[in-house]
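[1] Coordinates for the following, if possible.
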Amino acid sequence: MNKFDKIKLFCRKFRIAIGIILILAGIFTGIAWFYLGVIPLIAGLANFCPLCKITKKCTI
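    Just a heads-up that it's a prediction; the model follows:
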C-alpha cells in the first residue's frame, strides 16, 4: 500500500463526514448552502477520489 492509497482511505471517510456535517449545519441553520454537502457525501459513498483522478497513482 503506497501513500496515495492511505490518503484515499482517509479521504473517503473525511468526505463522508464533511458531507454529513454540511447537510446537518444547513438543516439546523436554514441556509441553503447545505446542498453543497451532497457533493462530498456522494463522492465519498461512490468511492470517488479526485486526488487519485488527478495523480493517477492510487490503485482501484
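[2] hey, let's count contacts and neighbours off CA atoms from now on
    Noted.
[3] Please pull up the helix or strand immediately following the longest helix along the chain.
    Taking DSSP state H as the criterion, the chain has its longest helix at helix 3-29. Where DSSP states H and E defines the elements, the next helix or strand beyond helix 3-29 is helix 38-45.
[4] in that next one, what counts as buried?
    38, 40, 41, 43, 44 (16 or more other C-alpha atoms under 10 Å).
[5] so how far is residue 40 from the residue nearest the centre of the chain?
    Nearest to the mean C-alpha position of the chain, counting by C-alpha atoms, centre = their mean, stands residue 15 at 2.2 Å. From residue 15 across to residue 40, the span is 5 Å (C-alpha to C-alpha, to the nearest Å).
[6] low-confidence ranges in this protein?
    1, 4, 51, 57-60 (pLDDT under 70).
[7] Next up, the contacts around the residue of it positioned farthest from its centre.
    The outermost residue of the chain, judged against the average C-alpha position, is residue 30 (22.4 Å), by C-alpha atoms, centre = their mean. Residue 30 makes no contacts at all, as judged by C-alpha atoms under 8 Å, 6 or more residues apart in numbering.
[8] how does it look with 10 Å?
    residue 24 (C-alpha atoms under 10 Å, 6 or more residues apart in numbering).
[9] what do you get for the one 10 residues further on?
    Contacts were defined as C-alpha under 10 Å, 6+ apart; by that measure residue 40 touches 12, 14, 15, 16, 17, 18, 19, 20, 22, 46, 48, 49.
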